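Trainee: Give me the fold of what follows.
(2 chains)
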Amino acid sequence: MTSKPPAWRVSSSLVLMCALAVSPAAADVLPSHPFTMFGGRLVVGGLASVSVGSHDPGYFNYTDYEHDTLRLLRLAMRAAFSLGDRVSLLGELRTENWDTFQPYALYLRVRPWRGRAIDIQAGRIPPVFGAFSRRPYASDNFLIGLPLAYQYLTSLRADALPASADDLIRMRGRGWLSRFPIGSHAAAHGLPLVAAFRWDTGVEVRLGDDPVSLGAAVTTGTLSDPRVRDNNHGKQVSARLEVRPVVGLVLGVSAARGPFVARAASSALPPGVSARGLDQQAFGADAEYSRGYWLVRSEVLISRWRVPAVAPPLVTAPLDATSVFAEGRYRIRPGLYVAGRVDHLGFSDVTGTAGRESWDAPVTRVEVGGGYSVRRNVLVKVAFQHDSRDTRRYDAAAIVAAELSFWF
Amino acid sequence: MADAPIATPSVARRRPRRVRPSAAGVAAGLCGLLIAPAHSTARDAPGRAQDPAASGTIVGRVVVERPLPPIPRRPSVDDLGMPRPSDVPDRYRSVVYLETAPQGAFEQPPPGQAVMRQHNETFEPHVLAVTVGTVVAFPNLDHVYHNVFSLSKAARFDLGRYAAGRSKSVRMEHPGIVRVFCDIHSHMSAFILVFSHPFFAVTGPSGVYRLAGVPPGTYHVIAWNEGVASEPQPVTVRPGDQVTLDFVLR
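Mentor: This is a model prediction of the structure:
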């Protein structure tokens, strides 16, 4: 649980992938299109990426205590099996840093009526909320780091709750390994606003396609804690409305609400304190515009968690987190682009014994970099990232990273 | 649909006018295929074939025996529903060309123009053969953005994103094979074969081709399909003659 990321494995994987990517024989070794089998019914694609980065002492880029997005090897196989022209089974097997391959996606997609743009998906499904949540992979991400809303770990946990505002303030800026008195007493990582790399389990419907589409889902977990197995008898409802008024412009709004506190924590609440209403609510708005060699995106996400008021100084108000980021990419010549992202994550205040303070430490991230396509489906990225956080320890980090990704 | 050879771009339809002294057939293939510069047999051929009676025709059929299924989309695991349907490119069309071309003092052919459309998330045609200097236009006929690009040595370009009704063009400056892709739709791909001589033809759907206006002489002819080239086949063309030459690509 607390082992460090196997940096040597990541580094050696990078060397191996580099050798494959640039060798003259690579064109014969690396597939350029997905494989098909069973007369085209089964389509199998793959994604591989390996990133290396300088030391991140403040755990700014961790998605849990063991996985740093800037020091990560990810291998994924994706498949779609067509069961007719209106039904297909889709899935993804993935490993990170040579962990066991696990099914990160597995669902059935059905289009009940031919000629009507209504799709139903059931199983471990892609999130409807937000825009970045469906493109977190290296081949879709301009840079190497992820937006804070989709990766940065707040101190909040689903299986352990703060009893007071002081408990929260004590854990400010320690989302990679936080600890609270109610529920699980083990130290563990906190929750991001939206978990980009784990998908929830449930059913979703999409109505329409272009220029207006509406997606809605009912899932077992929440945005911050997607789950395969239920841990609180609650369901999250999420929805997204997407509009494409003109070619190149995409506007979206999203909302979600669901109980996020696990039974391990709610059952440990003192008598008289109800676990009802301990929800995560989230609202999002996103925009993308592209033209010529430019592509710019921006997203605003607001997440609100309700935690119980157990002990003084009481946490009476919901815990809000607001994330805003804007990113852009410009292709300066064929195969070469530059990109940048400015990102901020802020938190609402609570009143502790020592005064008012934000319940978690605000973070600002600036990342600039670029990418070069060695081949159509082999991309090398380099980036410089600066993170700053309003805490006394590990308050800033300047990180240089590189990433090699390949897809087919 | 009539089984006629594709009307290759205007340059190919013209009668041959000029072949460079050191004309290479197709310069470099995607898999490292290199075709040697022209010498030998072409050196003895007369340089010009303005008169049909003074030139010959090579006809035949290219049979592609290996399976060429449609290029599939990447599994759309991230999507919230079925992807938009797209057309299926005809991958069985091949290109037949002279490996070596007649040598002589020929005038520079005027630059040609060709079109590769983007329609229903497919490049049309899937294979285009042009001469060096041809300007290839890429009109977008879809209601979504496309971003045509190529990282090939023969032509490295990126046309950026542009919407329906817009078109951008690229002048093919060097002979070789140009792989064309869309940066937004990974299942979209096409080939442009750029020749430094005009002696080539694109086959029809069933593989039939007609290479007219070939100056008398002995040549080696190659059939090419999706990166696979045949062994060069020798053929002797006499004035006014029609020679049949079939190929099988496995």
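
Trainee: the helices in the chain, which residues?
Mentor: By default, I'm working from chain A. All helices of chain A, identified by DSSP state H, fall at A:7-22, A:26-29, A:148-151, A:165-170, A:263-266.

Trainee: ah, no, chain B please
Mentor: Under DSSP H, chain B gives helices at B:10-13, B:41-44.

Trainee: I'd like the mean pLDDT over the last one, please.
Mentor: I take that to be helix B:41-44. Helix B:41-44 comes out with an average pLDDT of 31.

Trainee: Now do the same contact list for the residue of chain B found nearest chain A.
Mentor: Closest to chain A within chain B is B:Gly81: 3.0 Å, counting by CB to the nearest CB. For every residue, glycine as well, the C-beta is placed using N, CA and C. Shown in contact with B:Gly81 (CB atoms under 8 Å, 6 or more residues apart in numbering or on different chains): A:Arg109, A:Arg111, A:Ala117, A:Ile118, A:Asp119, A:Gln121, A:Arg206, A:Asp209.

Trainee: Can you narrow those down to the ones near chain B?
Mentor: Residues of those in contact with chain B (CB under 8 Å from any CB of the partner chain): A:Arg109, A:Arg111, A:Ala117, A:Ile118, A:Asp119, A:Gln121, A:Arg206, A:Asp209.

Trainee: Would you list the buried entries among these?
Mentor: With burial judged by 16 or more other CB atoms under 10 Å in any protein chain shown, the buried subset of those is A:Arg109, A:Arg111, A:Ile118, A:Asp119, A:Gln121, A:Arg206, A:Asp209.

Trainee: ok, now which residue in chain B is the farthest from the centroid?
Mentor: Centroid-distance maximum for chain B: B:Leu80 at 38.0 Å, with CA atoms, centre = their mean.

Trainee: what sits against the residue lying closest to A:Arg227 once chain neighbours are set aside?
Mentor: In space, and not counting its chain neighbours, A:Arg227 is closest to A:Gly221: 3.3 Å by CB to CB, 6 or more residues apart in numbering or on different chains. Shown in contact with A:Gly221 (CB under 8 Å, 6+ apart): A:Asp200, A:Thr201, A:Arg227, A:Asp230, A:Asn231, A:Gln236, A:Gly258.

Trainee: Count the neighbours of residue 94 for me.
Mentor: No chain was given, so I picked chain A. If you count neighbours by other CB atoms under 10 Å in any protein chain shown, A:Arg94 ends up with 18.

Trainee: ah, I was thinking of chain B
Mentor: Other residues within reach of B:Ser94, judged by other CB under 10 Å, total 28.

Trainee: Pop out the phi and psi values for it.
Mentor: B:Ser94 has phi and psi values of phi -120, psi 170 when expressed as degrees, to the nearest 10.

Trainee: Next, give phi and psi for A:Asn141.
Mentor: Torsion angles at A:Asn141 (phi, psi; degrees, to the nearest 10) stand at phi -100, psi 130.

Trainee: Okay, the closest residue to it other than its chain neighbours and A:Val250: tell me how far apart.
Mentor: Among residues not flanking A:Asn141 along the chain, A:Arg135 sits closest, at 6.9 Å (CB to CB, 6+ apart). Computed with CB to CB, to the nearest Å, the distance linking A:Arg135 and A:Val250 is 12 Å.
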